[in-house]
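Asks: Here is a sequence together with a model predicted from it:
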Amino acid sequence: DAPSPPTTSNMAASVREKQTVALKRMLNFNAPPLKNTTAEPVWKVLIYDRFGQDIISPLLSVKELRDMGITLHLLLHSDRDPIPDVPAIYFVMPTEENIDRICQDLRNQLYESYFLNFISAISRSKLEDIASAALAANAVTQVTKVTMVAL
């Protein structure tokens, strides 16, 4: 008996599952999620733009985010107060406006550390803008990881 060909709904479910796994990995600081752990999750803040919000919303519930340690999820361009003892995971498109706002966050020392996850490829010049802002803000060691998330 030959296996039946994958159906469109099976393929969609499998793509959705892969996207969910990729998001959960990103929310775990780009490390594989730990299985069967009873340890408390590391509390963190999720910062996203509208693109990031549109990707995450149908895949992860607020409860799932909370279970992964996301205490707040905020839009990048909203007014945000500093939370200096909490790491921030960014999930944004690498637009000029978004890069400017990330640089402003670095200058304002909003978070303990910054995990920058870009939805599409980021140009070298935009990476250099982030590096310059981190240098100027004396926050180079706080920019912990810069990743392009493949969904």
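Replies: Sure thing, it's come through.
Asks: What residue, apart from its backbone neighbours, is nearest Asp49 spatially?
Replies: With C-beta to C-beta, 6 or more residues apart in numbering as the criterion, Asp49 has its nearest non-adjacent residue at 4.3 Å, and that residue is Val92. (C-beta placed from N, C-alpha, C; glycine too.)
Asks: Check the burial of the one you found by counting its neighbours.
Replies: 26 (other C-beta atoms under 10 Å).
Asks: One more: Leu27?
Replies: Around Leu27 there are 24 other residues, counting by other C-beta under 10 Å.
Asks: With Arg16 instead?
Replies: 12.
Asks: and it, what does it touch?
Replies: Applying C-beta atoms under 8 Å, 6 or more residues apart in numbering to Arg16 gives the contacts Leu59.
Asks: Tell me the pLDDT of it.
Replies: Here the pLDDT value assigned to Arg16 is 86.
Asks: That one and Asn10, how far apart?
Replies: 11 Å (C-beta to C-beta, to the nearest Å).
Asks: Got the confidence number for the nearest residue to Phe51 once chain neighbours are set aside?
Replies: If the residues on either side of it in the chain are set aside, Phe51 comes closest to Met93, at 4.8 Å by C-beta to C-beta, 6+ apart. The score at Met93 is 97. That number is its pLDDT.
Asks: where's Met93 relative to Phe115, distance?
Replies: For Met93, the distance to Phe115 - C-beta to C-beta - is 16 Å.
Asks: Those two - which one has more neighbours?
Replies: Phe115 (22 against 17).
Asks: Helix, strand, or coil at the more buried one?
Replies: strand (DSSP: H, G, I helix; E, B strand; the rest coil).
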